[in-house]
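> pasting the sequence and the predicted model now:
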Amino acid sequence: MTTGSPTSRPVLVTAAVVLWLVLFACDLVARLVDLPGTVSSGGPWTLVPFVVGLALLAWFVFGALRVGRGSGRARFWMAVLGVVGAIGALLPPYGLATVNGALGAVAALVPYLPAARGYFPPRPRRAPKVPQPRVVGWDPDTGEPIRAAD
């Protein structure tokens, strides 16, 4: 699935990122097409939720691009987004939203397949903290703690 170099991106990860970006582009086009009717019926204040939605969409695009660069945390959050989309796809009315949710679930699942899993580095283990000696009192002159080992 890779070209052999250790830094090459698996085809599955590229496919997932492209699928996410296509889904987000379709959502953007749908929002832009619906915008004039929404503004004419609801007034100019309906632009506020539109701008918030665009910012959220930009955040999701950023997450998809981070998945393409190998971010495990972005992969997790895009999987959460895919699960939410799949749940939304199960609810009526069925149609384009169902297809969008199902494709989002596929895009969320693909980076977790075994062929793509090696591209995402595991989290490093946390180094255990060195326990500090117990405080047995405070120096009355300086206010510094007096430790049991001192």
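Nice, thanks for sending it over. Predicted model only: the values in this text are computed from it and were never measured. Numbering: from 1, shown residues only.
> contacts, neighbours, all on C-alpha from now
Noted.
> output the below-cut-off pLDDT ranges for the protein.
Across the chain, the stretches falling below the confidence threshold (pLDDT under 70) are 1-7, 150.
> what segments of it are helices?
Counting by DSSP state H, the segments of the chain that form helices are 11-42, 47-68, 72-90, 96-109, 114-117.
> among those, which is nearest residue 149?
The minimum distance between residue 149 and the helices of the chain falls on helix 72-90, with 41.3 Å, by C-alpha to C-alpha.
> for that closest one, name the packing helices and strands.
With contacts defined as 3 or more C-alpha pairs under 8 Å, 6 or more residues apart in numbering; DSSP states H and E, the packing partners of helix 72-90 are helix 47-68, helix 96-109.
> dump the ones you listed to JSON lines, plus mean neighbour count.
Shown next, in JSON lines, are the helices and strands packed on helix 72-90 (neighbours: other C-alpha atoms under 10 Å):
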{"stretch": "helix 47-68", "mean neighbour count": "16"}
{"stretch": "helix 96-109", "mean neighbour count": "20"}
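> got those as JSON lines, with distance to residue 118 columns?
Supplementary listing: those in JSON lines, determined by distance: least, C-alpha to C-alpha, whole Å:
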{"stretch": "helix 47-68", "distance to residue 118": "13"}
{"stretch": "helix 96-109", "distance to residue 118": "15"}
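> dump the residue contacts of residue 46.
The contact partners of residue 46, taken as C-alpha atoms under 8 Å, 6 or more residues apart in numbering, are 38, 39.
> apply 6 Å and report the result again.
For residue 46, the contacting residues are residue 39, taking C-alpha atoms under 6 Å, 6 or more residues apart in numbering as the criterion.
> now do residue 8
By C-alpha under 6 Å, 6+ apart, residue 8 lies in contact with nothing.
> gap between it and residue 70?
10 Å (C-alpha to C-alpha, to the nearest Å).
> same question, residue 104
With C-alpha to C-alpha as the criterion, residue 104 and residue 70 are 19 Å apart.
> over to residue 83?
Summarising the geometry, the distance separating residue 83 from residue 70, computed by C-alpha to C-alpha, is 20 Å.
> centre-most residue in the chain?
Among the residues of the chain, the smallest C-alpha distance to the mean C-alpha position (C-alpha atoms, centre = their mean) belongs to residue 77, namely 3.2 Å.
> could you measure that residue against residue 40, distance?
35 Å.
> skip the chain neighbours and tell me the closest residue to residue 121.
Leaving aside its chain neighbours, residue 121 sits nearest to residue 72 (7.0 Å; criterion: C-alpha to C-alpha, 6 or more residues apart in numbering).
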